[in-house]
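1. structure for the following, please:
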Amino acid sequence: MKKLFVAALLLVGITSFAQEKATPLTGNTQKITIEQRNEAKLKALTADLNLDEVQQKQMATIIAEQSAQRQANAKERNAVPGTRATPEALQKRVTQNEEIKAATKEKVRKVLTADQFAKWEQLTAEKKEKMQQRKIEKTDLKAPDAKK
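-> Numbering: from 1, shown residues only. Sure, this is the predicted structure:
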């Protein structure tokens with residue numbers, strides 16, 4: 001009887017441990033809307049840069065424009081699923097993205113004070129570095145599988 005009880009406890013323990021947890025890698029995370037993402041971004045900028053109400057409204061407009069542009073670019077990229085872009089199209093996209101970044105930077109420069117703008121550039125650089133690090137880690141995780 002004792003052995004049966006222990007076996008039942010082990011079985012319950014193992015099955016409850018084996019339940020899949022929601023992590024970013026498994027895709028079980030809840031998707032947020034574009035508006036929620038924009039609000040979160042504005043809230044973070046407000047906290048980091050101490051934006052006043054006028055600056056918040058202006059930055060909200062800039063963030064909304066960025067999101068709209070990002071959506072338009074994504075639709076254009078995914079217009080024909082399963083196809084790869086030509087090198088010329090990739091170069092055009094890179095040039096277009098650099099122009100968009102430069103225009104956004106100028107808009108932000110007009111809204112923020114010099115100190116806030118310096119802090120914004122620092123935050124942007126840190127975010128870019130963090131994304132590049134994640135990209136490296138992601139490719140490192142895939143590398144052992146490629147060797148097999």
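2. for the helix or strand where Glu121 lies, packing partners?
-> Using DSSP states H and E, Glu121 falls within helix 114-147. Packing contacts for helix 114-147, counted by 3 or more Cβ pairs under 8 Å, 6 or more residues apart in numbering; DSSP states H and E, involve helix 34-49, helix 87-111. In short, each C-beta sits where N, CA and C put it, glycine included.
3. report the buried residues of it.
-> For helix 114-147, the neighbour count (16 or more other Cβ atoms under 10 Å) marks 116-117, 119-120 as buried.
4. quick one, phi psi at Thr33?
-> The phi/psi pair for Thr33 (degrees, to the nearest 10) reads phi -80, psi 170.
5. OK, contacts around it?
-> Shown in contact with Thr33 (Cβ atoms under 8 Å, 6 or more residues apart in numbering): no residues.
6. hmm, back to that, in a markdown table: the buried residues of helix 114-147, plus distance to Ala64 and pLDDT.
-> A markdown table is the format used below for those (distance: Cβ to Cβ, whole Å; pLDDT from 0 to 100):
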| residue | distance to Ala64 | pLDDT |
| --- | --- | --- |
| Gln116 | 19 | 95 |
| Phe117 | 20 | 95 |
| Lys119 | 22 | 95 |
| Trp120 | 17 | 95 |
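7. per-residue pLDDT, the residue positioned nearest the centre of the chain?
-> Of all residues in the chain, the one closest to the mean position by Cα atoms, centre = their mean is Met131, 8.3 Å from it. Reported pLDDT at Met131 in the predicted model: 93.
8. from Asn73, how far out is Ser67?
-> 11 Å (Cβ to Cβ, to the nearest Å).
9. that older thread, can you lay out the buried residues of helix 114-147 as CSV showing distance to Asn38?
-> Shown next, in CSV, are these (distance: Cβ to Cβ, whole Å):
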residue, distance to Asn38
Gln116, 19
Phe117, 20
Lys119, 20
Trp120, 16
